[in-house]
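Asker: How does the following fold in three dimensions:
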Amino acid sequence: MLKVNQIKVHYGRIPALHEVSFEVKEGELVAMVGANGAGKSTTLKAIVGALRPVSGNIEFNGIDITGKNSAKIVRLGITYVPEARHIFGPLTVEENLLLGAFTLDSKHDIEERLDHVYQLFPKLNERRTQKGETLSGGEQQMLAIGRGLMSNPKLLMLDEPSLGLMPKLVTEMFKAISLLKEEGRTILLVEQNVREALELADRGYILQTGRTISSGQGTELLESEIVKKAFLGL
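Answerer: So this is what the prediction gives:
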């Protein structure tokens with residue numbers, strides 16, 4: 001479904017990615033892990049069109065989307081849930097969710113998507129009339145993911161969904177991601193909790209200083225020396 005081929009990305013004159021390559025197949029959950037500054041978020045931003053690669057290319061379902069307008073990329077079926085959540089604080093939970101459905105024309109489809117999100121995150125259903133800014137950090141993260149799901153994306157990209165959450169909410173977040181995987185959703189997950197991410201993933205990629213340095217099945221990577229030493233402290 002997604003093929004990233006040797007992309008290079010710069011911030012001004014400073015290189016951020018050096019020929020990063022990986023792929024995501026339909027129905028897979030692929031985890032991308034690495035230390036802070038490895039280039040994980042930069043990679044997601046390049047895929048969704050927020051950053052333009054200086055070389056290499058990105059294909060989605062056989063279409064070259066390298067450097068295309070972000071709105072066009074979203075309409076093709078890619079949704080990016082960023083690390084900082086970026087919900088609209090003055091709007092209610094439901095108003096935030098409806099903003100995520102801008103690619104849908106059918107009122108019936110929108111209602112179906114709302115029902116699905118509320119089943120996945122019951123707390124959002126309880127708070128549907130509350131303003132986004134009154135939610136806890138965990139609830140805001142649920143809202144950000146729920147808004148991303150409203151467009152019924154073919155590929156859902158999650159950037160550090162557990163960042164800043166208390167341990168109990170981290171467990172709930174991974175449970176929700178596991179449910180999405182069971183539904184057959186295609187997910188590209190960037191995550192700081194390496195063990196949890198790789199245990200859940202079908203396959204994983206390790207980024208280091210803007211390069212893809214290792215890949216394999218999630219469970220295989222957990223047993224690799226590089227993961228044990230760099231991320232698990234073993």
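Asker: List of residues touching the longest helix along the chain?
Answerer: Longest helix in the chain by number of residues, with DSSP state H as the criterion: helix 167-182. Contacts with helix 167-182, where a contact means C-beta atoms under 8 Å, 6 or more residues apart in numbering, come from 29, 120-121, 137-138, 141-142, 145, 149, 156, 158, 161-162, 165, 187, 189, 193, 196, 200. Quick note: C-beta positions are derived from backbone N, CA and C, even for glycine.
Asker: the helices in this structure, which residues?
Answerer: 40-47, 70-76, 93-99, 107-120, 122-126, 137-149, 167-182, 194-200, 218-222, 225-230.
Asker: in this protein, which ranges drop under the pLDDT threshold?
Answerer: 230, 232-234 (pLDDT under 70).
Asker: Pretty sure residue 192 sits against residue 163.
Answerer: Yes. Here residue 192 reaches residue 163: they are 6.2 Å apart, a contact under C-beta atoms under 8 Å.
Asker: so how far is the longest helix of the chain off the chain centroid?
Answerer: 13 Å (C-alpha atoms, centre = their mean, to the nearest Å).
Asker: So how do I select the buried members of the contacts of helix 167-182 in PyMOL?
Answerer: Filtering the contacts of helix 167-182 down to the buried ones (16 or more other C-beta atoms under 10 Å) takes a single PyMOL command:
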select buried, resi 29+120+121+138+141+142+145+149+156+158+161+162+165+187+189+193+196+200
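Asker: looking at the helices of the chain, which is closest to residue 9?
Answerer: For the helices of the chain, proximity to residue 9 was assessed by C-beta to C-beta; helix 40-47 is nearest, at 5.2 Å.
Asker: Does anything pack onto the closest one? Which helices or strands?
Answerer: Here helix 40-47 is seen to pack against strand 2-11, strand 14-24, strand 29-33, strand 78-81, strand 155-159, strand 186-190 when contacts are counted using 3 or more C-beta pairs under 8 Å, 6 or more residues apart in numbering; DSSP states H and E.
Asker: I'd like the ones you listed as JSON lines, with distance to residue 113 appended.
Answerer: As requested, these are exported to JSON lines (distance: least, C-beta to C-beta, whole Å):
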{"stretch": "strand 2-11", "distance to residue 113": "22"}
{"stretch": "strand 14-24", "distance to residue 113": "22"}
{"stretch": "strand 29-33", "distance to residue 113": "21"}
{"stretch": "strand 78-81", "distance to residue 113": "12"}
{"stretch": "strand 155-159", "distance to residue 113": "13"}
{"stretch": "strand 186-190", "distance to residue 113": "17"}
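Asker: wait, which of those is closest to residue 53?
Answerer: Here strand 2-11 is closest among the helices and strands packed on helix 40-47 (C-beta to C-beta), at 4.2 Å.
Asker: Break this protein into its domains for me.
Answerer: Here the domain parsing of the chain from automatic domain parsing is 2-77+153-230, 87-149.
Asker: Thanks a lot, see you next time.
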